[in-house]
Every structure is written in C-alpha cells, then in structure tokens.
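K.L.:
Give me the fold of what follows.
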Amino acid sequence: MSTLQERLAALSPARLRGVRRGIEKESLRARPDGQLALTPHPAALGSALTHPHITTDFSESQLELITGVHGDVEAALAELTQVHQFTYRVLNELGDERMWVSSMPCGLPTDETIPIARYGSSNVGRAKSVYRMGLSHRYGRRMQTISGIHYNWSLPEVSSEQYFALIRNFRRHAFLLLYLFGASPALCSSFVAGRPHELRPIGEGSMHMPFGTSLRMGRLGYQSEAQSSLQVSYNSLEGYGASLQDALTRPWPAYESIGIQNPGGDYNQLGTTLLQIENEFYGTIRPKRVIYPGERPLHALRERGVEYVEVRLMDLDPFVPVGITAQTIRFLDVFLLHCLLSDSPDDTPQEIAELAHNQHLTAARGREPGLQLLRGGQEIALTEWGADLVAQCRPIAQALDAAHGGSTYMQSLDAAVTGLRDAHSLPSARVLAAMAADHGHSFTDFARARSEAARQALLTQPFAPEDQARFVQASAESIEAQKAIEAADTMPFEIYRQQYVSPARLGLGARARNAVAV
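P.N.:
Next comes the predicted model:
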C-alpha cells in the first residue's frame with residue numbers, strides 16, 4: 001500500500017468530515033454599459049471596515065463578499081448566495097449596477113481615476129487606504145482590479161509542518177487547477193492599454209490567448225518585478241517567516257524614491273520596504289492564522305502556528321451567479337487532501353523557478369494540444385501529468401464519499417477526467433466559445449450578458465424576510481462599530497503607522513501595541 005493510502009487509511013470518517021472551508025469572493029461593480037461604476041461603496045451595505053461579510057478589496061468599486069466557516073459544502077454556498085442576494089437588493093434599489101462576473105475587469109477609466117477603497121477616519125481605516133495607495137504607486141491600479149475567489153481550508157489535527165508540506169505540493173500541482181478552472185482567457189483592451197503584452201486581438205475592444213486558461217494568473221496578472229527577487233521558501237514555518245520578515249524590513253530603492261508622504265503631506269504608502277505588509281506578498285496559496293486586534297499576521301503565525309490555508313488562484317466562474325460551484329469546491333477538497341497526504345520533499349530554488357514556468361505556461365497556453373510542462377527538469381505533457389494526479393486522488397474521493405454518503409466527490413473527479421480528455425469542456429474554452437457564438441467575439445459583451453443573467457437569477461431567487469432583516473441589522477451594527485473605533489482613536493496617525501510597520505512587531509514574543517491590524 002502506498003504512503004498516501006496508508007495516511008488516508010489513518011484518517012477516520014469523523015476527521016474527514018471535519019474539513020472546514022470559507023469563501024471570499026471579489027467582484028467589481030459595473031454599469032450596464034460594461035464600464036466601472038465610480039460610485040462610493042453603498043452605505044446600505046454597511047461599513048467596509050467592520051462588516052463581517054461585505055467589504056471592499058483594493059477599489060471602492062470592488063466588492064468582497066465573505067462567508068463564515070462551514071463544515072458543509074452546500075451550507076457555504078448557501079451563505080455565499082445569501083450575501084449576494086442582499087447585496088443585489090441594495091444595488092437594485094440604488095440603480096442598475098451589477099457585479100462583474102469575470103475575473104478580468106470591466107471597462108476601466110484612466111489609472112488614476114480608479115477609486116481606492118475608503119474605510120473612514122480611524123487610524124486603521126486610514127492605514128488600509130494608505131496601503132492601497134502604496135499598491136497603486138507600486139503596481140498600478142489596473143492590476144489591482146483583477147478579481148478572484150479565495151478558498152480557506154483546514155482539517156483538524158494538522159500541524160504547521162504538515163500544512164507547509166501541503167503548500168509545497170499545492171505549488172507543484174497548481175497547474176491542474178489553472179487548467180481545469182481557469183476562466184479568464186480574454187479581457188477588455190482597456191486593461192492592457194499602454195502595456196507590453198503577448199495577447200492577440202479578438203472582436204471589438206477585446207484581446208485573448210487562443211489556448212489561454214487564466215490570464216489573471218499569468219504575466220499580466222498579479223506579478224511584481226520586485227517580488228520576483230524574493231526567494232520565499234516553504235520548507236518550514238521558520239524559513240518562511242525569515243524570508244517574509246526580510247521582505248517586510250528590506251528597503252527597496254524604487255519604493256524609497258516614492259517616499260512615504262508627498263510634499264503636500266498626503267501619504268503615498270505605509271513604508272518603503274519591499275513589502276508594506278504581509279498581504280502584499282502574492283502567492284497561489286498562503287499559510288494563515290486568525291489574528292488578534294493589533295497583531296501582525298506573521299507574528300500570529302510564529303506564535304501559534306498555521307491554522308488554515310488560503311487558496312488564491314481560483315478565477316470567478318462566469319457561468320454561475322456566485323462564481324463557484326459545489327463540484328469545484330469538492331474537487332478542491334480532494335486536491336488539498338492529496339497535497340496533504342502525499343510525500344512532499346523540500347523545495348529548491350531550481351524547482352521554484354520551474355513552478356513559475358509551469359504556471360505562466362498553463363495560464364497562457366494551457367489548452368494547447370500537447371503542451372509540455374517541466375517536472376524535475378524533464379518535459380511531461382500537461383494532460384498526462386494531470387491525469388496521473390487525478391488517478392491518485394480517486395481513493396481520497398472515495399473515502400470522502402464514504403464519510404459523507406453519496407458520490408459527489410467522485411463526480412468532481414469524473415468531471416476533471418473529462419476536462420483533461422476534452423479541453424473544449426473547460427470554462428476557459430466555454431468563455432471563448434460563447435464570445436464567438438453570441439457576442440461577436442466581444443469579451444465585454446459576453447461578460448455584460450453573463451453579469452445581467454447572474455443579477456436576474458439572484459434577484460428572482462426567494463429571499464426570506466428574516467434573512468433580509470438580519471443583513472440590514474448587520475449593516476447598521478457595522479456602521480456603529482466603525483463609529484466606535486473612530487471615537488476611541490487618540491494616537492496621531494504617523495505614530496500609529498510607525499508602530500504598525502515596526503520590525504519589532506513581527507518576531508516571536510512581540511507584544512501587540514494599541515493598534516488594529518491592516
């Protein structure tokens with residue numbers, strides 16, 4: 001019996017049922033004509049600073065909808081749907097904005113016109129906006145308008161060492177998720193205006209890669225020349241913490257030239273180091289730990305270990321109203337268990353470079369017939385490697401189905417097998433096919449139509465009055481909570497900023513100061 005099967009056999013059905021997951025879903029607010037909505041975050045949605053389920057991401061125009069933690073896949077999706085339903089009821093009362101269903105953005109105005117998210121006058125609210133201002137100076141605002149789904153996942157009784165083993169394997173095999181679930185092979189030309197790229201024109205005002213899967217995760221997506229200099233190791237919590245601390249404390253000349261404040265006294269960024277804060281580090285997966293008020297995420301990890309992982313490479317699925325299906329979630333559960341239970345040798349600089357090569361190749365050309373990736377320095381067909389991984393996942397899916405009853409986990413693997421055999425069945429291929437069949441190859445017209453269909457579906461679904469009342473109350477409570485934070489502030493913002501970014505707050509044994517985390 002293989003090591004994977006031995007480890008799987010040691011997992012009781014009760015522990016398998018102990019998988020917990022939560023979903024964070026970003027979406028731009030767009031006008032009916034497919035242009036970015038420039039209106040403020042609606043007050044009826046509550047405070048973006050303190051609402052537990054409805055906030056903003058980089059832009060004031062970019063919603064982020066968040067579920068709680070769930071042991072049941074359908075329950076997580078049901079909550080995500082409810083948050084969407086309430087949000088759409090608010091948007092509908094205010095006008096005719098809709099949530100853009102594609103990961104690649106709608107029509108964008110000039111870079112400086114894209115509004116940065118605002119969180120009020122408190123120190124923590126100002127710090128969140130200053131951090132985003134820093135992102136805009138460092139990477140440009142367009143890149144930050146890309147949206148996706150983050151999937152938070154945990155299993156009981158998993159150590160930090162085991163979570164890092166999972167992360168190493170996830171990074172090795174992430175190409176399979178990009179291939180199977182990538183849904184951003186095309187974009188609006190406004191996104192690449194004035195930028196070098198390898199995209200090909202298609203339809204009016206649209207660009208694409210013919211065999212692309214996820215432009216969001218390719219060279220046009222969350223990439224950073226500065227961050228490419230980082231050699232982050234995932235071989236241990238200690239090594240990961242050391243490499244992240246280096247990035248958080250190392251001055252970076254290009255960012256030093258931007259400065260912390262402009263001559264008028266407005267803040268340009270939180271700091272001049274390679275990373276302002278931990279969240280700026282772009283990765284396909286992150287080790288995470290719930291933080292205390294005022295605590296730095298790296299300190300929390302070092303003090304109390306990894307609590308869960310955050311999967312960050314999932315595109316929005318434009319064919320479903322809430323951006324992800326139960327079948328996709330179940331495949332992620334199986335895939336993450338496979339990453340956890342398989343042998344996971346330490347990574348090396350050579351392998352890290354190989355993984356970046358595979359990610360960019362799959363993002364840009366994943367459906368290209370015969371596409372070869374690199375595995376241990378040797379070429380292997382993407383579909384062959386993918387089929388091998390899916391075959392290894394079968395006992396895990398069977399064990400999950402036995403623990404939960406039914407056959408839904410095996411069905412998620414069967415769909416993956418179909419995708420590996422027939423690239424036309426993949427979301428990225430279906431996007432291009434729908435653009436060609438119904439929208440004259442226009443990405444914007446396709447995404448507009450899908451966004452309107454999602455809007456109608458969510459507005460016509462039953463929504464209980466008690467659920468509406470619960471969300472209205474949560475919005476009101478979040479506004480009061482923001483006011484309380486603002487009223488309690490006594491520290492000058494500059495002192496707050498200096499204390500928050502202080503290297504002393506990153507290490508073991510560091511005491512959180514009177515601040516609230518960014």
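
K.L.:
the strands in the stretch 101-250 of the chain, which residues?
P.N.:
Remark: strands assigned in the stretch 101-250 of the chain by DSSP state E, counting those that start in this stretch are 149-154, 186-188, 200-201, 206-208.

K.L.:
out of the ones you listed, nearest to residue 473?
P.N.:
Checking the strands of the stretch 101-250 of the chain against residue 473 by Cβ to Cβ gives strand 149-154 as the closest, at 25.1 Å. To be clear about C-beta, it is placed using only N, CA and C from the backbone, and glycine gets the same treatment.

K.L.:
so which of the strands of the stretch 101-250 of the chain gets nearest residue 172?
P.N.:
Put simply, out of the strands of the stretch 101-250 of the chain the one that sits nearest residue 172 is strand 149-154, at 17.2 Å, with distance taken as Cβ to Cβ.

K.L.:
Each with direction, which strands does that closest one pair with?
P.N.:
Sheet neighbours of strand 149-154, with direction, are listed as strand 20-30 (antiparallel), strand 308-314 (antiparallel) (DSSP bridges).

K.L.:
Just after the shortest one, pick out the following helix or strand.
P.N.:
When you say that, I think you mean strand 308-314. Under the assignment DSSP states H and E, the closest C-terminal helix or strand after strand 308-314 is helix 326-341.

K.L.:
now do the first one
P.N.:
Towards the C-terminus, the helix or strand next in line after strand 20-30, according to DSSP H and E, is strand 54-56.

K.L.:
Name the stretch among the strands of the stretch 101-250 of the chain that sits most buried.
P.N.:
With neighbours defined as mean count of other Cβ atoms under 10 Å, those peak in mean count at strand 186-188, which reaches a mean of 26.

K.L.:
what pairs with that one, and is each one parallel or antiparallel?
P.N.:
Paired neighbours of strand 186-188 in the sheet (DSSP bridges): strand 206-208 (antiparallel).

K.L.:
Using TSV, lay out the strands paired with strand 149-154 together with mean neighbour count, mean pLDDT and distance to residue 281.
P.N.:
Converted to TSV, the strands paired with strand 149-154 look like this (neighbours: other Cβ atoms under 10 Å; pLDDT from 0 to 100; distance: least, Cβ to Cβ, whole Å):
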stretch	mean neighbour count	mean pLDDT	distance to residue 281
strand 20-30	23	98	17
strand 308-314	22	98	11
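
K.L.:
Residue 50 is nearest to which of these?
P.N.:
When these are ranked by distance to residue 50, counting by Cβ to Cβ, first place goes to strand 20-30 at 16.1 Å.

K.L.:
Any regions of the stretch 101-250 of the chain where pLDDT drops low?
P.N.:
Under the criterion of pLDDT under 70, the regions of the stretch 101-250 of the chain flagged as low confidence span 222-225.

K.L.:
Now with 80, please.
P.N.:
Low-confidence segments of the stretch 101-250 of the chain (pLDDT under 80): 221-231.

K.L.:
follow-up on the earlier one: for the strands paired with strand 149-154, which one sits closest to residue 159?
P.N.:
Using Cβ to Cβ and comparing the strands paired with strand 149-154, the one that lies nearest residue 159 is strand 308-314, at 12.8 Å.

K.L.:
which residues touch the closest one?
P.N.:
20, 148-154, 163, 166-167, 170, 174, 177-178, 181, 214, 217, 283-289, 324, 328, 332, 336 (Cβ atoms under 8 Å, 6 or more residues apart in numbering).

K.L.:
Work out the gap between it and the centre of the chain.
P.N.:
Average the C-alpha atoms of strand 308-314, do the same for its chain, and the two points are 6 Å apart (Cα atoms, centre = their mean, to the nearest Å).

K.L.:
show me where the stretch 301-450 of the chain has strands.
P.N.:
All strands of the stretch 301-450 of the chain, identified by DSSP E, counting those that start in this stretch, fall at 308-314, 372-375, 378-381.

K.L.:
Alpha carbons of the longest one, in CSV - could you do that?
P.N.:
Put plainly, it is strand 308-314. The C-alpha coordinates for strand 308-314 follow below in CSV (Å, rounded to 0.1, in the frame of the first residue of the first chain):
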residue,chain,number,x,y,z
TYR,A,308,-5.6,27.0,7.7
VAL,A,309,-4.5,27.7,4.2
GLU,A,310,-5.9,30.2,1.7
VAL,A,311,-6.1,29.1,-1.9
ARG,A,312,-5.7,32.2,-4.1
LEU,A,313,-5.6,31.1,-7.7
MET,A,314,-9.3,30.4,-8.5
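
K.L.:
Report the inter-axis angle for that strand versus helix 326-341.
P.N.:
Strand 308-314 runs at 130 degrees relative to helix 326-341, counting by axes from the mean of the first three to the mean of the last three Cα atoms, to 10 degrees.

K.L.:
In JSON lines: the strands of the stretch 301-450 of the chain, plus distance to residue 475.
P.N.:
As requested, these are exported to JSON lines (distance: least, Cβ to Cβ, whole Å):
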{"stretch": "strand 308-314", "distance to residue 475": "26"}
{"stretch": "strand 372-375", "distance to residue 475": "47"}
{"stretch": "strand 378-381", "distance to residue 475": "51"}
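
K.L.:
of all those strands, which lies closest to residue 112?
P.N.:
For the strands of the stretch 301-450 of the chain, the distance to residue 112 is smallest for strand 308-314, at 27.0 Å, taking Cβ to Cβ.

K.L.:
re earlier: pipe the strands of the stretch 101-250 of the chain into TSV and attach distance to residue 492 per row.
P.N.:
Output for the strands of the stretch 101-250 of the chain, formatted as TSV (distance: least, Cβ to Cβ, whole Å):
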stretch	distance to residue 492
strand 149-154	34
strand 186-188	42
strand 200-201	52
strand 206-208	47
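
K.L.:
Go through these and name the closest to residue 243.
P.N.:
Evaluated with Cβ to Cβ, these place strand 149-154 nearest to residue 243, the distance being 21.7 Å.

K.L.:
Just give me how far that closest one sits from the chain centre.
P.N.:
With Cα atoms, centre = their mean, you get 8 Å for strand 149-154.

K.L.:
Kindly report the same for stretch 59-72.
P.N.:
Using Cα atoms, centre = their mean, the offset of stretch 59-72 from its chain centre is 10 Å.

K.L.:
cool, and stretch 486-506?
P.N.:
The chain centroid and the centroid of stretch 486-506 are separated by 27 Å, computed with Cα atoms, centre = their mean.

K.L.:
Ends of it, what's the gap?
P.N.:
In stretch 486-506, first residue to last residue: 25 Å (Cα to Cα, to the nearest Å).

K.L.:
do the same with stretch 144-156
P.N.:
When the termini of stretch 144-156 are compared using Cα to Cα, they are 34 Å apart.

K.L.:
One more: stretch 103-119?
P.N.:
Criterion Cα to Cα; first-to-last residue distance in stretch 103-119 is 24 Å.

K.L.:
Same question for stretch 490-506.
P.N.:
Start-to-end span of stretch 490-506 (Cα to Cα) is 24 Å.
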